[in-house]
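Engineer: I would like to see how this sequence folds:
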Amino acid sequence: MGRSIRGAAAVAVAVVLAATGVASANAVAGDAYLQDYSAGNGQIQQDNGNTSGLDATQCGFSWSAQSVIDTDLPNYSVNGFLEGVAPLADTSLPGSGWAQIQHWHTPDGQVLNWRIPVAVDRPLLDATVTMVFDDPDWSPNQSSFQQFSTWPGFPSSFQRFTGISGYTAHDDTQVTPFQWGDDGAGHTTLTFDLGDLQASTSTVLAFTGVPADGPAGVLGGTSYGAKFVLDGTQPLATCLNPSYDEATALTGDVVQLPVAVTAVNGDVTAAPSGTTYALAAGAPAGATIDPVDGEISWTIPGSQPVGDVSVPVTVTYPDGSVDTTAAMVRVGKEPRLGPFDDQTITLGDSIEHVDPVLRDHLGQPYGDGSSLSVTGLPDGVTFDAATGRISGTPTASGVFPVTVTGLDAGGETLISADFTITVTAVTPTPTPTPSPTQPTPEPTTSPTAPVLANTGGTAPGPALLTGVVALAAGGAILGWSHLRRRRV
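Structural biologist: Coordinates of the predicted model:
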């Protein structure tokens, strides 16, 4: 490449954490090796040339790495150093992993050696490798190019050449033949497919090259660069997040919950065409879901207990990857209690019994472990929790404010209702004073003259009657007598 870049830099992949936002095989444009070096620490400037990109809405994925062999660099290392790769500088996101360009030259300066270990943390589908050899100072030996994932005595070739464990070998049967070509600008290119890399798998690329200016150039400080690009897509289930907003509703309500899809960077997007939705095991009875747009509909039955209800959903993407999510519905009830009529009774009488029932807004018994308590009852009147009845006969007069309270299963107040029992004392009826008794006069009757028998004689005259004086004087008739004239 004809330019010795000085200022101290260890030779390796400086895979940056800056996201391009769009996956691209051309993330590094122009001369890939005209990098700026920091005089302070001798490292390649991270935002220049080495990129990690993630197209968040389409799950596109691209790494672009580059490095140079230059013996004039003060921190030159024959093996370089390893850099983590993570889009948006977040290793928890899809597209994280490891990549390194290792390089060295033979002691005689005749051959340039390159090795590129690669590992991914999450699955990478349809992975494609592109090498761009646009440095005229050297040319690759096409017959030397190798791709291998296993190494005798090691879990993977990646661990053999990096010392990093935790990554297994990629299935190399998926690798397609190498395709050498030209980028149209006179630069040699190499492309091939790795197939689908599973989570925590790895592979290694290795090849050699010949310096155009021979050993003199290598030993004299000429810089030789190479560029590596890895493209692919993450499974849709790993970089799209379907979700439902939490809903709060009462029993009897109809709940409709649309699905929202966001990309890993937080952008709201739409699920790809062909995505399907289905309720998973454990969904409440009566809930339904639209298999195309993912909207949940549920008429909450009146018997549904109060509390949080999860509606699990399975999402299947067109690439075959599967995700799960759930809608949360907070089911509530509105308690109802009373009203109760006030009562006024006389001491000694029983109250009219009261049967309070705690109900919900649909008129159904509230349930859910609820209970009632009653306070303020007069002595002699009780509340039977088993039967739910207030009854009895007060033993004292007075005004008694009564409170009936509905409690939830934890004893917390749901609702209360009041009424009053008024007990009046008995007022005795006074006994009347008797009046003095007056003698009752005997009835006065007129005497009836006796009828004399008709004897054929002459009736006696007035001179013959006696007792008249006594009658005329108002006295009692003591009797009378008459003289009979004997017939001679």
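Engineer: give the buried residues for stretch 406-421.
Structural biologist: For stretch 406-421, a neighbour-count test (16 or more other C-beta atoms under 10 Å) marks 406-408, 414-417, 419, 421 as buried. Using the backbone N, CA and C atoms, a C-beta is placed for each residue, glycine as well.
Engineer: so which residues make contact with that stretch?
Structural biologist: For stretch 406-421, the surrounding residues in contact (C-beta atoms under 8 Å, 6 or more residues apart in numbering) are 335-345, 351, 354, 356, 358, 366, 368-373, 377-378, 381, 394, 399-405.
Engineer: for Gln174, which non-adjacent residue is closest in space?
Structural biologist: Gly195 (2.5 Å; C-beta to C-beta, 6 or more residues apart in numbering).
Engineer: so that neighbour makes contact with Asp171?
Structural biologist: Yes - counting by C-beta atoms under 8 Å, Gly195 does reach Asp171; the two are 7.0 Å apart.
Engineer: higher neighbour count, these two?
Structural biologist: Taking other C-beta atoms under 10 Å, Gly195 and Asp171 do not tie; Gly195 has more neighbours (19 against 15).
Engineer: and the more buried one, what are its bridge partners?
Structural biologist: Judged by DSSP bridges, the bridge partners of Gly195 are Ala127.
Engineer: now do the contacts for it.
Structural biologist: 126-127, 171, 174-176.
Engineer: make it 10 Å
Structural biologist: 124-128, 170-176, 232 (C-beta atoms under 10 Å, 6 or more residues apart in numbering).
Engineer: name only those of the contacts of stretch 406-421 that count as buried.
Structural biologist: Among those, the ones that count as buried by 16+ other C-beta under 10 Å are 335-338, 340, 343, 345, 351, 354, 356, 358, 366, 370, 372, 377-378, 381, 394, 400, 402, 404-405.
Engineer: so which of those residues belong to strands?
Structural biologist: Using DSSP state E, the subset of these located in strands is 343, 345, 372, 381, 400, 402, 404-405.
Engineer: state the helix or strand in which Gly266 lies.
Structural biologist: Assigned by DSSP states H and E, Gly266 belongs to no helix or strand.
Engineer: oops, could you answer that again for Leu219 instead?
Structural biologist: Using DSSP H and E, Leu219 sits in helix 214-220.
Engineer: next one: Ser416
Structural biologist: strand 413-424.
Engineer: paired strands for that strand, with orientation please.
Structural biologist: Partners of strand 413-424 in the sheet, by DSSP bridges, are strand 343-346 (parallel), strand 398-407 (antiparallel).
Engineer: how far off centre is that strand?
Structural biologist: What separates the centre of strand 413-424 from the centre of its chain is 39 Å, taken as C-alpha atoms, centre = their mean, to the nearest Å.
Engineer: and for stretch 359-367?
Structural biologist: Distance, centroid of stretch 359-367 to centroid of chain: 25 Å (C-alpha atoms, centre = their mean).
Engineer: use 17 as the first number for this chain going forward.
Structural biologist: In the new numbering, first residue 17, that becomes stretch 375-383.
Engineer: and that stretch, C-alpha only, in CSV?
Structural biologist: Backbone C-alpha positions of stretch 375-383 (Å, rounded to 0.1, in the frame of the first residue of the first chain) are rendered in CSV as follows:
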residue,chain,number,x,y,z
ARG,A,375,-71.5,-7.8,46.1
ASP,A,376,-69.5,-6.7,43.1
HIS,A,377,-70.5,-4.2,40.4
LEU,A,378,-72.3,-6.9,38.6
GLY,A,379,-74.5,-7.8,41.6
GLN,A,380,-72.7,-11.1,42.2
PRO,A,381,-71.3,-12.1,45.6
TYR,A,382,-67.9,-10.5,45.9
GLY,A,383,-66.1,-13.7,46.8
